[in-house]
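1. let's see this in three dimensions:
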Amino acid sequence: MKKTDAIFAALAISFLAVSCLPGENPPGIGPDLNTVLLVDTGPTYGELAPGTSSSFSLRWTPAEDAEWYDVRISPYPIDENTWDQALRIDSVPAVDTTEMVVQVQVQPEVYRNTCIACGLCVKACPQNAITLVDGKALIDLGKCTACGQCVEVCPVNAVADSRFGQAYYFAVRAMGPGNTWSEVISTDARYRLRYMNNKQWCGDCATECYILLDSCGPGCPVDAIWFSPDWSIPGEDSGLIHIDYDKCIDCGQCFIQCHQYGLWSIMKEVVKE
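-> Next up is the predicted model:
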């Protein structure tokens, strides 16, 4: 699936996305949304192989009389008091179905009205995915790995904090006539995207891991990848690479090199905190 711009700090795009923006505080009582918002865990979607896309699914039971749904995300729990601070990731029209399914995607976005064209994000990006165009930072979504380095260095918070490794809460509201809304329905846990190694696909590339070979690229910038050769550790771990999540910064370099030279064993997955 191709990366596309999205509403939440370009975090997400639905197959049914539309631009429905509610007002400050819709009057009246909206549709009765009595459901639990579910987040699909495990490897993400992929056209050629699982775990190749940054897209994953949110699911909920539709509300009667709903016209559309407002889906939001936040690093903090979402309730009535924090709803306005949560970022909208999608606006989804109601359809006649027994289950609503929305594909969301972790992807950064530059707030052009805030960007001061300082160029710090351009220098910080390890994938050279950011340039200055017409005095504003522009992210090449085809190169971007959502590592968040641009977020770290931006002095004016002009880049939305939507990155791999960041844990988020999700919430949805059913919107009715006159932009009335339902009560907030939120997940009871946080979820995040991270990189993982599928042991069933990993194995003895060139008697070494292509992620660790200097001839194949810069490799892991924080030495979070290590390799156990066949002759070193007997058993199921022999001949595999491992990710030290205490060191990993979710930059995606291992994913790039494994998919360019190796067996595509490095995948993207959604995990529950």
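2. where does the prediction get shaky in this protein?
-> 1-28, 204, 206-207, 229-238 (pLDDT under 70).
3. cutoff 80 now
-> 1-29, 105-107, 161-162, 203-208, 228-239 (pLDDT under 80).
4. helices or strands next to the longest helix seen in it in the packing?
-> Scanning the chain for the longest helix, with DSSP state H as the assignment, gives helix 253-261. On a contact count with 3 or more Cβ pairs under 8 Å, 6 or more residues apart in numbering; DSSP states H and E, helix 253-261 meets strand 266-272. Backbone N, C-alpha and C define where each C-beta goes, glycine included.
5. what segments of this structure are strands?
-> 38-39, 42-43, 55-60, 68-74, 87-93, 100-105, 130-133, 136-139, 169-175, 185-186, 191-197, 225-228, 240-243, 266-272 (DSSP state E).
6. ok now the fourth one, how far from the chain's centre?
-> In terms of Cα atoms, centre = their mean, to the nearest Å, the gap separating the centre of strand 68-74 from the centre of its chain is 15 Å.
7. with only the CA atoms kept, save it in PDB.
-> Coordinates of each C-alpha in strand 68-74 appear next as PDB, following Å, rounded to 0.1, in the frame of the first residue of the first chain:
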ATOM      1  CA  TRP A  68     -20.000   9.800  10.100                       C
ATOM      2  CA  TYR A  69     -17.300   9.000  12.700                       C
ATOM      3  CA  ASP A  70     -14.600  11.100  14.100                       C
ATOM      4  CA  VAL A  71     -11.500   9.100  14.900                       C
ATOM      5  CA  ARG A  72      -8.700  10.600  17.100                       C
ATOM      6  CA  ILE A  73      -5.400   9.600  18.600                       C
ATOM      7  CA  SER A  74      -3.300  10.800  21.600                       C
END
